[in-house]
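Student: Have a look at this prediction, sequence included:
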Amino acid sequence: MTEKLVLVPGPDHPITVTPAPATVTVSLGDRIIAKTDDALVLQESTYPAVYYLPLDSVDPDVLEPSTHRSYCPYKGDASYYSLRDADTFSENAVWSYVTPYDAVSEIAGHVAFYPDKVQISAG
C-alpha cells in the first residue's frame, strides 16, 4: 500500500481557520437545514473561503451518508454526505474531515457544503 502524501501549510500554501464573524445559515431550496453562530472559516491559499459548521447544527433528517471519499494532503481523508429533502436529492453535497491533520484540527466535528448545491449566507 502506498503511503499518502502529507503536506504542511506554509508561506507557499497557507491555511487559516478562524471563527466566522456572523451567523451562518444553510438552506436546501426553501428549507433551512443548518444555522449556527459557531461556524469556522477555512481559508486555503488562493481558494475561496469555506464555512465549516458543527455537524450537530445540521438537521440530521437531510443527511444521508455517502460511500464517496477524497483526500487532501493538507487536511486528510474526507467523507461525504448527500442531502435528501422530499423530492430534492443532492449527491455528495457535504464533506467532513473526521480526523483532520493537526494543521486544521479545529475542523474536526464540522461539515462543509458545496455552494453550488445549497444556499449559504452569513449575517
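Tutor: Looks like it arrived, so ask away.
Student: which residues of this structure score low on pLDDT?
Tutor: The model of the chain has pLDDT under 70 over residues 1.
Student: let's see 80
Tutor: Where the chain drops to pLDDT under 80, the residues are 1-2.
Student: now the strands for the chain?
Tutor: 15-19, 24-28, 31-36, 40-44, 50-54, 63-72, 76-85, 88-96, 110-113, 119-122 (DSSP state E).
Student: Residue 102: which of these is closest?
Tutor: strand 76-85 (9.5 Å; CB to CB). (C-beta placed from N, C-alpha, C; glycine too.)
Student: by how many degrees do that closest one and strand 31-36 diverge?
Tutor: For strand 76-85 against strand 31-36, the angle by axes from the mean of the first three to the mean of the last three CA atoms, to 10 degrees is 140 degrees.
Student: Pull out the buried positions in strand 76-85.
Tutor: For strand 76-85, burial by neighbour count (16 or more other CB atoms under 10 Å) applies to 76, 78, 79, 80, 81, 82, 83, 84.
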